[in-house]
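A.B. asks: One predicted model, sequence on top.
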Amino acid sequence: MNERWPTIDLDPVRRLHALAAGIRGAHVTEAHVDAPFERVWSLLGDLEGGFGQVVTDMERLRVVHRQGERVEALARSRYGMRARLRGVQRPGWCWLQSRFLLIGVAATPEGPGTRVAFTGGVRLPSRAALISLGVRREGVRSVENLTALL
Amino acid sequence: MPDERPDDQTARLVRAAQRGDTLAMAELLDLLAPYVGRVCAPIALDQGADAAQDALVAVFKSLRALKDPAALHGWVRAIAVREAVRTAHRAARTVPADLSALPARGDPQLSADISDVLDRLSPEHRAVLMLRDVEGLDERTAAALLGVRTGTVKSRLHRARDTFRKAWTS
């Protein structure tokens, strides 16, 4: 019977808003980009390539382990900090955390283009809270970087 | 933890999320999003996605307030129903007064086209219907969740049957 009832499959951008709501100091930067989802995610989904060009806080990111959607990567921020990021990555969704960092990226098709959303920043050690300094600026910069690369 | 029971796994995730593990929060989101979507869609209809997002925002904002992880399911359901009804009202859908009644459980009309049935009901009626037929709640529990008297829910469920059928078959 239940299969006849309407249901909603919440898209990754909406999910990112929900998750960020539980993280003190987090801000979600959302934008529409004029490129199809496949093109956008070919960049954002490439953790060792395009991802680092868009989320520029990361100078270098190297995937050291991957099992299904679960991923583990070593990162070095442009400020010299090293981080072991653990998280989940699948088409339209990337959520990575280390003790001191948090990165959330989401994308979903929107007409002929794509809606993207970014959140994250420097994390209060092991807590669901970010140091709010610069979180908005980073999000805007990520959107600008992505647009420039498309 | 391959041998872990689903309830234990959920409780573990809730506790980890409450401690600030954002990966546990993300995993919890994956578990809850389909459920919240099933609760919100029949009540908020076209605004189902907005309602589900608002409900999950409310869930994650107040997750630390949840004392008993075993109560997660009912707690999330209450939030989702509340947000869906609120969102539906905000969208100001108009509902014909003489059709603000519910078909009985197992009514063949109901299984014929649930979307058409839902379209004719108020958000509160849709909520009662969903809570009864999808969630399997009795009238008392549904009434408590919606903040209305049991008698109101019961009489609506009972009286509505003929009205609904007449409207449907006319």
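C.D. replies: Perfect, thanks for sending it.

A.B. asks: In terms of helices and strands, where is whichever residue of chain B sits closest to chain A?
C.D. replies: Chain A sits closest to B:F60 of chain B, with a gap of 3.1 Å, by C-beta to the nearest C-beta. For every residue, glycine as well, the C-beta is placed using N, CA and C. Taking DSSP states H and E as the definition, B:F60 sits inside helix B:48-61.

A.B. asks: in the next helix or strand after that helix, what's buried?
C.D. replies: Downstream of helix B:48-61, the next assigned helix or strand under DSSP H and E is helix B:72-90. In terms of neighbour count (16 or more other C-beta atoms under 10 Å in any protein chain shown), helix B:72-90 has its buried residues at B:72, B:75-88.

A.B. asks: Restrict those to those that also contact chain A, please.
C.D. replies: With C-beta under 8 Å from any C-beta of the partner chain as the criterion, these include none near chain A.

A.B. asks: and the helix holding B:F60 with helix B:72-90, angle?
C.D. replies: Helix B:48-61 and helix B:72-90 meet at an angle of 130 degrees, taking axes from the mean of the first three to the mean of the last three C-alpha atoms, to 10 degrees as the criterion.

A.B. asks: Pull the distance from helix B:48-61 to the chain's centre.
C.D. replies: Put simply, helix B:48-61 sits 12 Å off its chain's centre (C-alpha atoms, centre = their mean, to the nearest Å).

A.B. asks: Likewise for stretch A:132-139?
C.D. replies: Per C-alpha atoms, centre = their mean, the centroid offset for stretch A:132-139 relative to its chain is 14 Å.

A.B. asks: at contact distance from chain B, anything in it?
C.D. replies: No: judged by C-beta under 8 Å from any C-beta, stretch A:132-139 stays clear of chain B, getting no closer than 14.3 Å.

A.B. asks: May I see the buried residues of that stretch?
C.D. replies: Quick answer for stretch A:132-139 (16+ other C-beta under 10 Å): A:V135, A:E138, A:G139.

A.B. asks: The last one against A:T29, yeah?
C.D. replies: Yes: using C-beta atoms under 8 Å, A:G139 is in contact with A:T29, at 2.7 Å.

A.B. asks: Which residues are in contact with each of these two?
C.D. replies: Common contacts of A:G139 and A:T29 (C-beta atoms under 8 Å, 6 or more residues apart in numbering or on different chains): A:F118, A:T119.

A.B. asks: averaged over its residues, what pLDDT does stretch A:77-88 have?
C.D. replies: Stretch A:77-88 shows a mean pLDDT of 83.

A.B. asks: circling back: just give the number of residues close to the closest residue to the residue of chain B closest to chain A other than its chain neighbours.
C.D. replies: In this structure, B:F60 finds its nearest non-sequential neighbour in A:G22, 3.1 Å apart by C-beta to C-beta, 6 or more residues apart in numbering or on different chains. As a burial measure, A:G22 scores 25 neighbours (other C-beta atoms under 10 Å in any protein chain shown).

A.B. asks: Can you report phi and psi for A:G22?
C.D. replies: phi -90, psi 0 (degrees, to the nearest 10).

A.B. asks: Tell me the predicted confidence for the residue most central in space within chain B.
C.D. replies: With distances taken as C-alpha atoms, centre = their mean, the residue of chain B nearest its centroid is B:V39 (3.4 Å). What the model reports for B:V39 is a pLDDT of 96.
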